[in-house]
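1. need the 3D shape of this:
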Amino acid sequence: MDIRNGALGHIVLNVADLRKSEEFYRSILGLKVSARNLDTKMTFMSYGKEHHDIALQALPKGVKHVSGKGAPKLHHFCIYVDSNEIIDEIYPILTRRRIPIVSGPETLVVAGNRSISFLDPDGNRVEIACNANKFKFDNRKKPKS
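-> A predicted model of the protein is given here:
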């Protein structure tokens with residue numbers, strides 16, 4: 001059996017400082033807190049169409065991220081937006097907040113879409129890319145503003 005019609009469900013990140021990461025994902029990516037689990041020290045965040053698109057899991061006390069030379073466990077994850085302008089508008093916000101930019105804003109050669117990549121407080125690489133087609137053919141019910 002193979003999956004031919006899949007879609008990214010959600011991503012869960014181990015974070016060193018839950019509050020700092022929550023603030024980052026709210027203020028930079030526009031996610032809203034949809035739930036918290038105080039027992040497991042998790043925050044669930046959403047754009048409103050799903051219970052959560054990203055979940056943040058606090059590292060247990062005394063546990064640190066794996067460090068050293070080599071490739072990280074997570075290369076990056078991508079959030080699609082529906083216009084190139086969003087990519088260019090976020091650049092000065094990132095630089096003002098001294099958020100490390102990995103690449104962009106740029107138009108990617110292979111995909112032909114506008115993109116910017118930067119690091120979250122734990123060093124996870126986040127990409128924001130324009131994919132207007134994703135929204136053009138999205139028939140899901142839109143959340144009320």
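2. okay, domains of this structure per the record?
-> 9-61, 74-139 (automatic domain parsing).
3. surely residue 51 is in contact with residue 34?
-> Yes: Residue 51 lies in contact with residue 34 (CB atoms under 8 Å); the separation is 5.8 Å. From N, CA and C alone the C-beta is placed, and that goes for glycine too.
4. neighbour count for those two, which is higher?
-> residue 34 (17 against 11; other CB atoms under 10 Å).
5. so what's the more buried one closest to, chain neighbours aside?
-> residue 46 (4.2 Å; CB to CB, 6 or more residues apart in numbering).
6. can you pull the phi/psi pair for the nearest residue to residue 101 once chain neighbours are set aside?
-> Excluding its sequence neighbours, the residue lying closest to residue 101 (CB to CB, 6+ apart) is residue 118, at 4.9 Å. Phi and psi for residue 118, reported as degrees, to the nearest 10, are phi -150, psi 170.
7. likewise for residue 25?
-> Backbone torsions of residue 25, given as degrees, to the nearest 10, read phi -70, psi -30.
8. tell me, how many neighbours does it end up with?
-> A total of 23 residues lie near residue 25 under the criterion other CB under 10 Å.
9. was I right about it contacting residue 55?
-> No: using CB under 8 Å, residue 25 makes no contact with residue 55, being 10.2 Å away.
10. can you pull the residues that touch both of the two?
-> Common neighbours of residue 25 and residue 55, counting by CB atoms under 8 Å, 6 or more residues apart in numbering, are residue 45.
11. give me the mean pLDDT for the helix or strand containing residue 24.
-> In this assignment (DSSP states H and E), residue 24 forms part of helix 18-27. Here helix 18-27 scores 95 as its mean pLDDT.
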